[in-house]
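>>> This is the structure alone, sequence omitted:
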Ligand code: XIL
């Protein structure tokens, strides 16, 4: 919904006291510095927003100079005049999970209250948010007068969730930065501390809004402006979460700012903005672009001395439409460098949309972090073996060749799998007895495995041959040949490619005790009969809350105890669990938030830690995550039927790190699993 308020008359506000013009005081810091050293405080103002979410949405501003002990704004030579210019507001998403965006812009004149123009030009005037004791702001934030529609106080815990941003408009449902209203500036903790604590201020936060020159470029307001010559413009903008019940949404609030002259001339990129957009904005303002990592964590509440609990993230968006802002940096130079066993990822190839050999953005991530790929689809039965006498290796070869050229191994998947969409039609219509069927399957396995002999590290020889709830799956293969097809396939694969590690691969063995028991029975039989198997792949399509780490460890141990290798072969952890009671009663997460991302980080870490703790180094066959980026996860169509987004992987839709990546790195390096940033 896009709400644009009534055109509002210009509210003129005069921000200075009635003292006569005086000689400007020299600034006490070197103007060439890029880091502001002790920026000079000019006084304090309060910017108010009222009528939020209604047609009477309005903003105004007033001086709080009576509280500032005669500092700068009371001196005419350092005064400012502000005049209301425009405002805007819109909501994205829905109650409970959406966001409301607001902005108000003010024209700025370099003149005192009496209208006497300042005799000096001024640059980088910045409205820095402060926690003030008078007038009292709430919850250690810059917010005061925090009210709901009925006039009662709004939930004070929401105050730190009013996140500073830039002026935006809604274009095709996407909040889009309005470059001429992008005046938000993040400060480092040191810079904010450098502003000091002017009288009546408890804390200076790490953000402010910078006045730009609206007639020319840059951020300088020239000396001696004419009558009504408002050279400057500043945009105050915030976003706030929409409450589940709209009566709890804030209806009005004010923000308190200390106005400082800042020696640094920088532009901060906001999450909604790309680096190149921010760069061109910086160029237009004659400013430098602040490194993205410093702006993703802005302290909007609490004292500088306890920043961790009070940091509020600016950069958590990740949408299936391909969003994500790169604010999170997992600090992982290369995941593969952290393990002595294969670190793999399921990838697309050939005809698929994100085919690795033809998707450079995906290649960058894969080459950086992974030592192995598993083709997610293109090495399945019908793609390689469409007709009884026809093999088609073109798509898979392209992927295998790409991997080889980049020093990446291949875990091939899969020689035999029941899933209907990939069983070749000729197998479905096969007529002939058990011996003929097994001979046909022998050929299938032999021809494919020998084609890739020496080019793949390992094979999923048989995938998902066990039933949920125990016993053998009554698949096409089972119907023709009983369980014998499984061991025949292993023998044929070994004969065709003696060097590849041969895996049995399945899901839910952690959560389904009967299925696990069927697995161990099968493995014990293999051992007794000398069936050539090297390991078991646990797909590990798990949830945030299920199964438990204990269940995972106990299931892996069953295979460890049999001396086989263990591979986590298809790990993914969706935020939503469609089988969980919360989800069933309607608690569906439709937006990815920092808290969810950090909880997911912990869960990723715990699953990988279970693997590290349970599987001795010599038996670790590898860790494979099933997909590179969230929007391309198979779970969105398969588990959630495209009903809503989910974010099950380690990279967002723009291939930025997610906290999950840090979680895996922590587990690989023996760090504790936490929800910290
Ligand atoms: C999935 C792929 O990821 C999808 O792209 C495809 O449409 C269906 O198969 N267990 C497996 C994988 O062993 O082969 C499945 O892969 C996911 C479940």
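Ah, there it is. All values reported here derive from a predicted model rather than from experimental measurement. Numbering: from 1, shown residues only.
>>> only C-alpha atoms for contact and neighbour calcs from this point on.
Noted.
>>> where along the stretch 201-350 of the chain do the helices fall?
Remark: helices assigned in the stretch 201-350 of the chain by DSSP state H, counting those that start in this stretch are 275-285, 292-295, 307-310.
>>> rank these by mean pLDDT and give me the bottom one.
By mean pLDDT, the lowest-scoring of the helices of the stretch 201-350 of the chain turns out to be helix 307-310, with a mean of 42.
>>> interface residues of the chain facing the ligand?
Counting by C-alpha under 6 Å from any ligand atom, the residues of the chain lying close to the ligand are 376-377, 634.
>>> if we take these, which one ends up nearest to residue 153?
residue 634 (45.1 Å; C-alpha to C-alpha).
>>> residues contacting the closest one?
residue 627 (C-alpha atoms under 8 Å, 6 or more residues apart in numbering).
>>> Test for you: state the pLDDT assigned to it.
The model's pLDDT for residue 634 equals 97.
>>> For it, what are phi and psi?
Dihedral angles phi and psi of residue 634 (degrees, to the nearest 10) take the values phi -60, psi -20.
>>> can you tell me how far it sits from residue 282?
40 Å (C-alpha to C-alpha, to the nearest Å).
>>> likewise residue 424?
As judged by C-alpha to C-alpha, residue 424 and residue 282 stand 57 Å apart.
>>> State the pLDDT value of residue 30.
With respect to pLDDT, residue 30 scores 26.
>>> should've said residue 304
73.
>>> Contact partners for it?
189, 193, 203, 205.
>>> Can you pick out the most distant pair from those residues?
Across those (C-alpha to C-alpha), the longest gap, 11.1 Å, separates 189 and 203.
>>> Which one's more surrounded, those two?
Between residue 189 and residue 203, residue 203 has the larger neighbour count (other C-alpha atoms under 10 Å), namely 25 against 18.
>>> any idea what sits nearest that one, other than its immediate chain neighbours?
residue 131 (5.0 Å; C-alpha to C-alpha, 6 or more residues apart in numbering).
>>> again with residue 120
residue 223 (4.6 Å).
>>> quick one, phi psi at that neighbour?
phi -70, psi 160.
>>> if I look at it, how far off is residue 118?
6 Å.
>>> For those two, list the residues in contact with both.
The contact lists of residue 223 and residue 118 share residue 110, where a contact means C-alpha under 8 Å, 6+ apart.
>>> Tell me which of those two has more neighbours.
Neighbour count, other C-alpha under 10 Å: between residue 223 and residue 118, residue 118 has more, with 25 against 15.
>>> Neighbours of residue 256, how many?
Counted with other C-alpha under 10 Å, residue 256 comes out at 28.
>>> That one and the ligand: what is the separation?
51 Å (C-alpha to the nearest ligand atom, to the nearest Å).
>>> now do residue 96
32 Å.
>>> Residue 591 now?
23 Å.
>>> cool, residue 351 as well?
Residue 351 is 12 Å from the ligand, by C-alpha to the nearest ligand atom.
>>> next one: residue 562
Relative to the ligand, and taking C-alpha to the nearest ligand atom, residue 562 is found at 23 Å.
>>> what's the answer for residue 384, then?
14 Å.
>>> What residues does the closest residue to the ligand within the stretch 251-400 of the chain make contact with?
For the stretch 251-400 of the chain and the ligand, the shortest gap (C-alpha to the nearest ligand atom) falls at residue 376, measuring 5.0 Å. Shown in contact with residue 376 (C-alpha under 8 Å, 6+ apart): 346-349, 413, 626-627.
>>> please redo it, this time with the cut-off set to 7 Å
Contacts for residue 376 (C-alpha atoms under 7 Å, 6 or more residues apart in numbering) come out as 346-348.
>>> Just send these back as CSV, with neighbour count, pLDDT and distance to residue 459 too.
As requested, the contacts of residue 376 are exported to CSV (neighbours: other C-alpha atoms under 10 Å; pLDDT from 0 to 100; distance: C-alpha to C-alpha, whole Å):
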residue, neighbour count, pLDDT, distance to residue 459
346, 22, 98, 14
347, 26, 98, 15
348, 26, 98, 17
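>>> tell me which of those residues is nearest to residue 504?
The closest of the contacts of residue 376 to residue 504 turns out to be residue 346 (C-alpha to C-alpha; 16.9 Å).
>>> Give me the distance between the closest one and residue 417.
On the measure of C-alpha to C-alpha, residue 346 and residue 417 end up 17 Å apart.
>>> now what about stretch 659-670, what contacts it?
330, 332, 335, 338-339, 597-598, 600-602, 604-605, 608-609, 650, 672-673.
>>> filter those residues to the buried ones?
With neighbours counted by 16 or more other C-alpha atoms under 10 Å, those contain buried members at 330, 332, 335, 338-339, 597-598, 600-602, 604-605, 608-609, 650, 673.
>>> Can you give me the buried ones in the strand with the most length in the chain?
In the chain, taking DSSP state E as the definition, the longest strand is strand 80-92. Residues of strand 80-92 classed as buried by neighbour count (16+ other C-alpha under 10 Å): 80-92.
>>> Once you drop chain neighbours, what's closest to residue 93?
Going by C-alpha to C-alpha, 6+ apart, residue 93 has residue 99 as its nearest residue, at 6.3 Å.
>>> what number of residues lie near that neighbour?
Neighbours around residue 99, by other C-alpha under 10 Å: 17.
>>> for residue 117, same thing?
25.
>>> Helices of the stretch 501-650 of the chain, residue ranges please.
Going by DSSP H, counting those that start in this stretch, the stretch 501-650 of the chain shows helices at 513-529, 549-560, 581-584, 594-614, 635-638.
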